[in-house]
Each structure stands twice: as C-alpha cells, then as structure tokens.
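Trainee: pasting the sequence and the predicted coordinates here, then a few questions.
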Amino acid sequence: MLGRPFGAPNEPQFQSRVLRALLALFDQPSGPVLEDFPCEAPEAEAGETPFACPVSFARAGSDRADPIGAMRREIAQLVPWYELARKRRGRTTVGVSGLTIEDAAEFAASFTGDQPAAAYDGRISAGVALKRVCDDLKAYYYEAVAAQPGNASPSEIDRWFWFETAAAKVFLAIQQACLRSEDKSLLPLGKLSLVPRAVTHALAEQPRSET
C-alpha cells in the first residue's frame, strides 16, 4: 500500500521485517528490482466508532458517465477533513508535485483523454510528472479520511479509496492510458506503480454490472 508501506503504527517487529527486506534488495546483482513483500501488515486496533466516511460521495455506478467531475466534487468535499488532518499533524505529505490539489487533479485527468497535458516541469518526464500528481491525490484522500471518526485501519482506508471513490476510477482509466501510450516513461505506471496488483485482481473478479 503506497500510503502506509510499514502498516499500522506501533508495530516495531513488522516494521523491522519490512526494513530488512528493503535493505536486502541492495544485495541483488542488478536492478531495478521489484518484489512483493510476502506478508500482510497487521491491522491497527479498531476504535469504538465504526469507520464510515461522513462525506456522502455518489454511490457506485452513479458517477460512471463523469468520473472526472465526480473526483473534482470529492476533492472539494474533503477539504475540511484534509485541513483538519494537516492541523492535527502539523505537516502533510501532499505537495510532491508542487501543484495545488485542484491543478494536480486536472493534470492527472488529462491523461484519460486524447491530449495529455505537457509536464508542468520541463526537467522531468511525463511519467515522473504524472506519478507525482497521483501520489499527491492519493495522499490527499488518505490524509483526509484518516482524520474522520472511526480510527480506520490501513486496509479499511485502502478499500474505501479503491472501491468507493471516483478518484480510483480515474486512476484506473489513467492506468489503461499509460499501457496504451507510446511514451515509454508512462509504461511503468501502467504496469506497476499506479494501481496495486491486489486491487487490479479484485476488480477483475467482480461481476460486471449491466448498463
């Protein structure tokens, strides 16, 4: 999971195992190296209040015709929760791209169309630029929902993002666009780093709804 690769807080034994596995990759004779960590992260203890996102997003399927517009609405609805999270923590992981979250969303959405936007920084490739804005978008959603009642576990936040938000639908569309693109810098996003394999497999196993 990109947002919390070490699992829940206060699990030093598991976190040490992750670090050792990471450092062991440097012993490989050549790279780059991509390996799946074989164990699932332990869950954080659930709070007394069940996790439920207080923001009322559109129900699955209702945003099918306009997932980009729905993502814009989600971002606007999450502003108070994101600001609360930033105030509580005194910091944020959003901002890698240097764009506002609204501009990051527009840049990312452009890759679902026929004419993707040019990289906002001429010193980096389209793939790096897109990866940074997608990281910003995902961090924004994750930090916002983590500030809400219920003490959601990492896996609950993952499920919420990938199966209940329009942003996830936009990410999936971007993934397919990257796989079709002739720009080689976009191919790693399509194959490896934009959508987790577990999510891709889970979505592939879901029954298709009739239109």
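Mentor: Structure's in. What do you need?
Trainee: surely Asp183 and Val128 touch.
Mentor: No. With contact defined as Cβ atoms under 8 Å, Asp183 and Val128 do not form a contacting pair (11.4 Å). Backbone N, C-alpha and C define where each C-beta goes, glycine included.
Trainee: ok, now how distant is the residue nearest in space to the middle of the chain from Phe161?
Mentor: For the chain, the residue nearest the mean C-alpha position is Lys138 (3.7 Å; Cα atoms, centre = their mean). With distances taken as Cβ to Cβ, to the nearest Å, Lys138 is found 7 Å from Phe161.
Trainee: and if you look at Arg20?
Mentor: Here the criterion is Cβ to Cβ. By it, Arg20 lies 28 Å from Phe161.
Trainee: what does Cys178 give?
Mentor: Distance, Cys178 to Phe161, by Cβ to Cβ: 19 Å.
Trainee: between the two, which one's more packed in?
Mentor: Comparing Cys178 with Phe161 by other Cβ atoms under 10 Å, the one with more neighbours is Cys178, at 24 against 20.
Trainee: please read off the pLDDT at the more buried one from the model.
Mentor: For Cys178, the pLDDT comes out at 95.
Trainee: my understanding was that it contacts Gly190; is that so?
Mentor: Yes. Cys178 is in contact with Gly190 according to Cβ under 8 Å; the separation is 3.2 Å.
Trainee: from memory the residue nearest to the centre of the chain sits against Trp160, does it?
Mentor: No. The pair Lys138 / Trp160 is not scored as a contact, 11.9 Å apart, by Cβ under 8 Å.
Trainee: dihedrals phi and psi, Val195?
Mentor: Main-chain dihedrals, Val195, degrees, to the nearest 10: phi -120, psi 130.
Trainee: could you look up the SS state of the nearest residue to it once chain neighbours are set aside?
Mentor: Nearest residue to Val195, sequence neighbours excluded (Cβ to Cβ, 6 or more residues apart in numbering): Gln175, at 5.0 Å. Here Gln175 is recorded as helix under DSSP: H, G, I helix; E, B strand; the rest coil.
Trainee: the longest helix anywhere in the chain - what's its average pLDDT?
Mentor: Counting by DSSP state H, the longest helix found in the chain is helix 67-89. Averaged across helix 67-89, the pLDDT comes to 94.
Trainee: that helix: what's the following helix or strand?
Mentor: Under the assignment DSSP states H and E, the closest C-terminal helix or strand after helix 67-89 is helix 101-110.
Trainee: list the buried residues in that following helix.
Mentor: 101, 104-110 (16 or more other Cβ atoms under 10 Å).
Trainee: likewise stretch 90-103?
Mentor: For stretch 90-103, by 16+ other Cβ under 10 Å, it's 94-95, 97, 99, 101.
Trainee: and what of stretch 108-118?
Mentor: Buried residues in stretch 108-118, counted by 16+ other Cβ under 10 Å: 108-112, 116-117.
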